[in-house]
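>>> Next come a sequence and a model predicted from it.
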Amino acid sequence: MSMQVGGLAIIHASPIPPKPTRIILAEFKKMGVKVRYLPIQAISLYLSPYGSYVSVGGKKLELRGALLRGIGFSLTLEQFFIRIGILKYLESEGVRFVNKVSSLLRTRNKLETLIALYRAGLRVPTTLATESLKRMYLGAKALGDVVLKPVMGSRGLGSVRTNDADVAFQIVKTLSSFNQPPLLQEYVEKPKRDIRAFVIGGEVVACMYRYSRGSWKTNVAQGGIGAPLNPPEEVKEMALKCLEVLELDYAGVDIAEGKEGFYVLEVNGSPDFEELSRVSGLNIAKLLAEYFLSVLKR
């Protein structure tokens, strides 16, 4: 008879827990709650005419809930389908994910996220999605100052800003040769900063300005630095609406102060929080752990 491995878990694609995940695990430990770390690639699904089960290292996996922190950064289509298939199977068996699998997937697809927010009436940057080099070139020429960004990605990695349509053309041509067409967006002119709003369970728990340092990118992972912010109501309302539209339990919402008002740049369904915790003085990892446990009690 197989040994039962059960309870609660944090799932991520890294073989060892990244620092934000280690911080959350430490908070669970302080609460006296046993939560294990599971690399997503270590989870296996077995199907047969006689039954099915999910296992880790040959031991049957019994889960009530899992904090889903990532499915992987640079995946093949085969990896993506296997990982999502297993996660959706677990969800169909009653495992409560935070965030839910479909909701996290939506945030990983920047185009799908933008479409959903646009249809909900939220202001997003002018965006062109196409595999046509000609359309991309004409779009870059018309928009002027543009950002080329991966459809799937985070932390500002791979995003390139240019005001030269020929440079944009060469970048898109090169990426397209690897079957990785980017999104083209008009650069939102902002005061060398943007806003990160962190929402948990329908509440904006913390906000900060993110200031760029030596780059146009404000991402903390790209050298950006946070500063305290008591957000205006409009920012709070935008952030909350983003989570409502995308059906997220928690997320980091990036908002820019453009000339025509606030724009939603991105929504991150598995955001980091170290800089925001430092700036706000809040223990966001603890808030996230407490929310996760409260969801499982409902």
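Yes, it's here. Residues are numbered from 1 along each chain as shown.
>>> What sits closest to Asn268 if chain neighbours are left out?
Spatially, and ignoring its direct neighbours in sequence, Asn268 is nearest to Gly252 (4.3 Å; Cβ to Cβ, 6 or more residues apart in numbering). Using the backbone N, CA and C atoms, a C-beta is placed for each residue, glycine as well.
>>> Same question for Ser102.
Distances taken as Cβ to Cβ, 6+ apart place Glu247 nearest to Ser102, at 7.6 Å, with adjacent residues excluded.
>>> and what of Thr162?
Among residues not flanking Thr162 along the chain, Ala168 sits closest, at 5.4 Å (Cβ to Cβ, 6+ apart).
>>> State the helix or strand in which the residue nearest to Asn268 lies.
Using DSSP states H and E, Gly252 maps to strand 250-258.
>>> That strand packs against which elements?
Using 3 or more Cβ pairs under 8 Å, 6 or more residues apart in numbering; DSSP states H and E as the contact test, the elements touching strand 250-258 are strand 193-200, helix 233-246, strand 261-268.
>>> Of all the ones you listed, which one is nearest Leu296?
Taking Cβ to Cβ, strand 193-200 is the member of these nearest to Leu296, at 14.7 Å.
>>> and that closest one, which strands flank it?
strand 203-211 (antiparallel), strand 250-258 (antiparallel) (DSSP bridges).
>>> can you list the residues that contact that strand?
204-212, 218, 226-227, 229, 231, 235-236, 238-240, 242-243, 248-257, 262, 265, 271, 273, 276, 284, 287-288, 291 (Cβ atoms under 8 Å, 6 or more residues apart in numbering).
>>> buried sites along it?
For strand 193-200, the neighbour count (16 or more other Cβ atoms under 10 Å) marks Arg193, Asp194, Ile195, Arg196, Ala197, Phe198, Val199, Ile200 as buried.
>>> helices and strands around the helix or strand bottoming out on mean pLDDT in the chain, which ones?
The weakest-scoring helix or strand in the chain, judged by mean pLDDT, DSSP states H and E, is strand 5-12 (a mean of 82). If you count contacts as 3+ Cβ pairs under 8 Å, 6+ apart, strand 5-12 packs onto helix 19-31, strand 35-39, strand 59-68.
>>> so it versus strand 35-39, what angle?
Going by axes from the mean of the first three to the mean of the last three Cα atoms, to 10 degrees, strand 5-12 is angled at 60 degrees with respect to strand 35-39.
>>> Perfect, that will be all.
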